[in-house]
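> quick one, structure for this:
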Amino acid sequence: MRASQPDCQPKARILIVEDEPVLAFGFEEFLISAGFEVAGVVGRLPTALAAIENITFDAAVLDANLAGISAGPAAAALTARGVPFVVVSGYLPEQQRTAFSGGPRLQKPCRPDDLVRALHDILSNRT
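Numbers count the residues shown, from 1 in each chain. The predicted structure follows:
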């Protein structure tokens, strides 16, 4: 079953912040097939922070750990800009800093439909 957005709405632009290339490009392919537009795919914290500052997007998929470095500063930057995000991580919630409390959390490996549902939820809750 593929989730999609109604044709009458513009495609939501999603930034993917994931350091594992196979996962990142898997997310990208699935999100595109689900009706989203991918604004960018980044895998390191400095690149993520630059993308958050310079790219226009509606929501983000955020890995909690980027090549051994916490993505907490990226979560804080997204929160400061008012951009909703979904955290996708292999870490358990109690292993993560509170910096990631600003968005729903999915455990890796997650089902693609769960990711799409979480993105639709955070986008529909935007004010």
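> what lines up beside the lowest-mean-pLDDT helix or strand in the chain in the sheet?
Least confident helix or strand, the chain: strand 105-107 with a mean of 88, by mean pLDDT, DSSP states H and E. For strand 105-107, the pairing partners within the sheet under DSSP bridges are strand 85-89 (parallel).
> any idea which element the residue most central in space within the chain lies in?
The C-alpha lying nearest the average C-alpha coordinate of the chain belongs to Val61 (C-alpha atoms, centre = their mean; 0.7 Å). According to DSSP states H and E, Val61 maps onto strand 59-63.
> rewinding a little: so the helix or strand following the least confident helix or strand of the chain versus strand 59-63, what angle?
Counting by DSSP H and E, the next helix or strand C-terminal to strand 105-107 is helix 112-124. With axes from the mean of the first three to the mean of the last three C-alpha atoms, to 10 degrees defining the directions, helix 112-124 sits at 130 degrees from strand 59-63.
> so what secondary structure elements neighbour helix 112-124?
Judged by 3 or more C-beta pairs under 8 Å, 6 or more residues apart in numbering; DSSP states H and E, helix 112-124 is in contact with helix 21-33, strand 59-63, strand 85-89, strand 105-107. In this view, the C-beta of every residue, glycine as well, is placed from N, C-alpha and C.
> strands paired with the helix or strand just after the strand holding Val61, and their directions?
Sequence-wise, the next helix or strand downstream of strand 59-63 (DSSP H and E) is strand 65-66. Strand 65-66 pairs in its sheet with strand 69-70 (antiparallel), by DSSP bridges.
> okay, the helices and strands packed on helix 112-124 in JSON lines with distance to Ala75 next?
Below are those laid out as JSON lines (distance: least, C-beta to C-beta, whole Å):
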{"stretch": "helix 21-33", "distance to Ala75": "17"}
{"stretch": "strand 59-63", "distance to Ala75": "6"}
{"stretch": "strand 85-89", "distance to Ala75": "7"}
{"stretch": "strand 105-107", "distance to Ala75": "11"}
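> pick the most deeply packed of these.
strand 59-63 (a mean of 26; mean count of other C-beta atoms under 10 Å).
> re earlier: and the strand holding Val61, how far from the chain's centre?
Offset of strand 59-63 from its chain centre (C-alpha atoms, centre = their mean, to the nearest Å): 2 Å.
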